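Student: 3D, please:
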Amino acid sequence: HVQLVASGGGLVQPGGSLRLSCTASGFTFSTYWMYWVRQAPGKGLEWVSGINSGGDKTYYSDSVKGRFTISRDNAKNTVYLDMSSLKPDDTAVYYCHADQLVSGSRNDYWGLGTQVTVSS
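Tutor: Below is the predicted model of the structure:
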């Protein structure tokens, strides 16, 4: 049974920090690229960050570059998103997404999301 459980969201003041975690089970986590994707109220999905299966390559959207850091611990089947200098525009539900492309066949899974609210 595949699960992606995201946690760590909450209410934070502008300029503050949060650490999101997403713990996976039911599939071989270490062979999947992992992504964080967010959805702000009334808007579509926005890709935020990605990390390769080995954890040595990371990618960020321009809107979060320099403020967010993605990392993973394959021994713990967990991916993290460290967020700092948070802005009200970062308010969204944050989802983790696991993706694997092997021999032309894609496997991907989504977590339920965790709410991040940046407000004074």
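Student: any idea where the helices of this structure begin and end?
Tutor: For the chain, helices defined by DSSP state H do not occur.
Student: Burial check on N107, number of neighbours?
Tutor: Applying other Cβ atoms under 10 Å, we find 14 residues neighbouring N107. For the C-beta atoms, the positions are set from N, CA and C on the backbone; glycine is no exception.
Student: Check this structure for its longest strand and report it.
Tutor: strand 92-102 (DSSP state E).
Student: So for it, what gets flagged as buried?
Tutor: Neighbour counts over strand 92-102 (16 or more other Cβ atoms under 10 Å) mark 92-98 as buried.
Student: what's the closest of these to Q13?
Tutor: A92 (16.3 Å; Cβ to Cβ).
Student: if we can go back for a sec, turn the buried residues of strand 92-102 into TSV, including distance to L81.
Tutor: Shown next, in TSV, are the buried residues of strand 92-102 (distance: Cβ to Cβ, whole Å):
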residue	distance to L81
A92	12
V93	13
Y94	7
Y95	11
C96	8
H97	12
A98	14
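Student: looking at this structure, which residue lies furthest from center?
Tutor: Distance from the C-alpha centroid of the chain, by Cα atoms, centre = their mean, peaks at S103 (25.4 Å).
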